[in-house]
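> I'll drop the sequence and a predicted model, then ask my questions.
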Amino acid sequence: MNTFYVFNAGCIRRALDMIQVEKYLIENGWGVTRRMKQADLVIVATCGVVKLNEINSLQAVAAAVKKRKRNARIVVSGCLPKINPGEINALGDFIMIPSGRLDGFDAVINAHKPFCQVGSPDSVTGNKDITNYLMARSYCRRSRLYKWLFHRYGMNGEFLTASIYAFRMIDLLKNFTAGGRGKKFVPYFNIKIADGCLSNCAFCATKFATGKLRSRPPESIIGDFQEGLGKNHKIFQLIAEDTGAYGKDIGIDFSELLRSIFSIDKDYQLVIIDCCPQWLVEQREVLVPLLAANQEKVKELFIPIQSGSDNVLKRMRRNYCTADVGSVLKELQDRAPHINLRTSFLVGFPGETESDFSETKRFIAEMNFSEVTVNRYEDRPGTLASTMEDKIPQEIIELRARVLAQELNCSILS
């Protein structure tokens, strides 16, 4: 039996891609191995959204070259093959299958069951390596020292396992000291509702890999949801590059999908990630009442706002203004206070003045977000922003990120 090994150096979306690839290969008669040196086919899912993730991905590819057995083939997947293929090619000769083109595996293995016939995965917990990497990466928000260690040893399985154990012990100790009973890890049931997006943001390179919006049929999503309920899952995470754009390519919208889910009278909560504010503003009259009426079924809503300055948002090609976003979020907070609102901001975008940055600070301070993450701007290959003038010096970008962290308790993500 031919064997394969998968490693994900990307986000939850790419992790789900790899779980689907794993399922696909098994259904085509391949065996999975957790030892790279035993695999006939090594698959590495990459990320290129920021430079640090690109570096991690290239390290993973380089490790595959070094550790693979003789004559084993290496497939490089994820976003980096479309974002920066030259850096990958410099490491060797690989099969490139980017995100959104996973049916390319059919030719690689001469599949008797095509990729398009393999169902979407619901969880990453079946692959310990993928789960541990994602969990350990999330701890980077909590410690600058750990962030440095992770980016140095993130491919070491023993390091990942030890990290998870250590942070769980720390959390248990904190809860015990505070008189609590501690939190139990509850895996989410993940449902990918779409691939790609409709936006054309000036700073984003991910769109080169994921392509145009491709929404799944609502009945297929509801089928996955019912399957999760049947497995006694309580928390469901809706995943897409932009969840709010769901359905625009098939003649429906995100509110219709949510209404179908909310009509299911069971005990569950939704985690909705990466909902561009544009759609929240556009569908305000429908979405806000719908979310308010079902707030006990929504655990968390993540809206990446990116800037509190209209001038910067315009240069970013984000199709909304801060007044509209602030207004709809305040209404949502008033009418649905039980929903945790999370967001992210990008500091140091080309042309961002001190006044623009002050507007971002003011916006964050005026809102009651449950969590705010901060990304430092950096040029990414092929993006419009990379060609813009008025670049902000790196020391100013670093200072602005630290100000948000220290004064407004934001977490610096990248």
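It's in. Every value quoted in this text rests on a predicted model; they were computed, and no experiment measured them.
> Look at the residue nearest to residue 83 when sequence neighbours are not counted and tell me its secondary structure.
Counting by CB to CB, 6 or more residues apart in numbering, residue 83 lies nearest to residue 48, which is 3.6 Å off, once chain neighbours are set aside. Quick note: C-beta positions are derived from backbone N, CA and C, even for glycine. Counting by DSSP: H, G, I helix; E, B strand; the rest coil, the backbone at residue 48 sits in coil.
> what number of residues lie near residue 48?
Around residue 48 there are 26 other residues, counting by other CB atoms under 10 Å.
> Could you do the one 3 residues further on as well?
Residue 51 is surrounded by 14 other residues when neighbours are defined as other CB under 10 Å.
> Would you enumerate the residues in contact with it?
Residues near residue 51 by CB atoms under 8 Å, 6 or more residues apart in numbering: 378, 380.
> And the pLDDT for it?
Looking at residue 51, its pLDDT stands at 88.
> Count the neighbours of the nearest residue to residue 7 once chain neighbours are set aside for me.
Nearest residue to residue 7 in three dimensions, chain neighbours excluded: residue 44, at 5.2 Å (CB to CB, 6+ apart). Look at residue 44: counted by other CB under 10 Å, it has 30 neighbours.
> In terms of secondary structure, what does the longest helix anywhere in the chain contact?
In the chain, assigned by DSSP state H, the helix with the most residues is helix 157-177. Here helix 157-177 touches helix 128-138, helix 144-153, going by 3 or more CB pairs under 8 Å, 6 or more residues apart in numbering; DSSP states H and E.
> One more pass at 6 Å, please.
On a contact count with 3 or more CB pairs under 6 Å, 6 or more residues apart in numbering; DSSP states H and E, helix 157-177 meets helix 128-138.
> Distance from the helix it packs on to the middle of the chain?
The chain centre lies 13 Å from the centre of helix 128-138; the measure is CA atoms, centre = their mean, to the nearest Å.
> just stretch 243-255 next, same as before
Distance of stretch 243-255 from the chain centroid (CA atoms, centre = their mean) equals 19 Å.
> in the protein, which spans are strands?
Under the criterion DSSP state E, strands of the chain are mapped to 3-8, 31-32, 41-46, 73-78, 95-96, 189-192, 194-195, 214-215, 235-239, 269-272, 298-306, 340-347, 371-376, 411-412.
> which intervals of the stretch 51-200 of the chain have sub-threshold pLDDT?
122-126, 179-186 (pLDDT under 70).
> so residue 40 touches residue 5, yeah?
No. Taking CB atoms under 6 Å as the definition, residue 40 is not a contact partner of residue 5, at 9.0 Å.
> Who has more neighbours out of those two?
Neighbours were counted for residue 40 and for residue 5 using other CB under 10 Å; residue 5 has more, 24 against 18.
> Confirm for me that that one is in contact with residue 33.
Yes. In this structure, residue 5 is within contact of residue 33 by CB under 6 Å, at 5.5 Å.
> Find residues that contact each of these two.
By CB atoms under 6 Å, 6 or more residues apart in numbering, residue 5 and residue 33 have these common neighbours: residue 39.
> which residues sit in contact with the residue nearest to residue 83?
Counting by CB under 6 Å, 6+ apart, residue 48 touches 54, 79-80, 83-84, 205.
> Out of these, grab the one that's most surrounded.
Highest neighbour count within the contacts of residue 48: residue 80, with 30 neighbours (other CB under 10 Å).
> how close does it get to residue 248?
Distance of residue 80 to residue 248, computed by CB to CB, to the nearest Å: 27 Å.
> Pull the number of nearby residues for the closest residue in space to residue 114 that isn't next to it in sequence.
Ranked by CB to CB, 6+ apart and with sequence neighbours excluded, the top spatial neighbour of residue 114 is residue 106, at 5.3 Å. Around residue 106 sit 16 other residues, with neighbours defined as other CB under 10 Å.
> What of the one 10 residues further on?
Burial of residue 116 is recorded as 9 neighbouring residues (other CB under 10 Å).
> Quick one: residues contacting it.
Residue 116 is in contact with residue 103, counting by CB under 6 Å, 6+ apart.
> wait, residue 73 sits on residue 40?
No. Applying CB under 6 Å, one finds residue 73 not in contact with residue 40, separated by 7.2 Å.
> got the contact list for the residue nearest to residue 7?
Shown in contact with residue 44 (CB under 6 Å, 6+ apart): 7, 60-61, 64, 76.
> do the same with residue 271
Counting by CB under 6 Å, 6+ apart, residue 271 makes contact with 237, 299-300.
> and what of residue 218?
Applying CB under 6 Å, 6+ apart, we find residue 218 in contact with 257, 260.
> if we go to 7 Å?
Contact analysis of residue 218 by CB atoms under 7 Å, 6 or more residues apart in numbering lists 252, 257, 260.
> how near is it to residue 193?
Distance from residue 218 to residue 193, counting by CB to CB: 9 Å.
> again with residue 236
Looking at residue 236 against residue 193, where the rule is CB to CB, the gap reads 11 Å.
> before we move on, the earlier item: residue 161 is nearest to which of the strands of the chain?
Residue 161 lies closest to strand 3-8 among the strands of the chain, at 15.1 Å (CB to CB).
> Give me the buried positions along the closest one.
For strand 3-8, the neighbour count (16 or more other CB atoms under 10 Å) marks 3-8 as buried.
> quick one on the thing from earlier: most neighbours among the contacts of residue 44, please name it.
In terms of neighbour count, residue 76 stands highest of these at 26 neighbours, by other CB under 10 Å.
> was I right about it contacting residue 88?
Yes. Between residue 76 and residue 88 a contact is recorded at 5.5 Å, counting by CB atoms under 7 Å.
> hey, what's in contact with both of these two?
Contacts common to residue 76 and residue 88, judged by CB under 7 Å, 6+ apart, are 61, 94.
> Distance to residue 154 for the contacts of residue 48 - can I get that in a markdown table?
Listed next are those as a markdown table, based on distance: CB to CB, whole Å:
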| residue | distance to residue 154 |
| --- | --- |
| 54 | 13 |
| 79 | 17 |
| 80 | 16 |
| 83 | 19 |
| 84 | 19 |
| 205 | 21 |
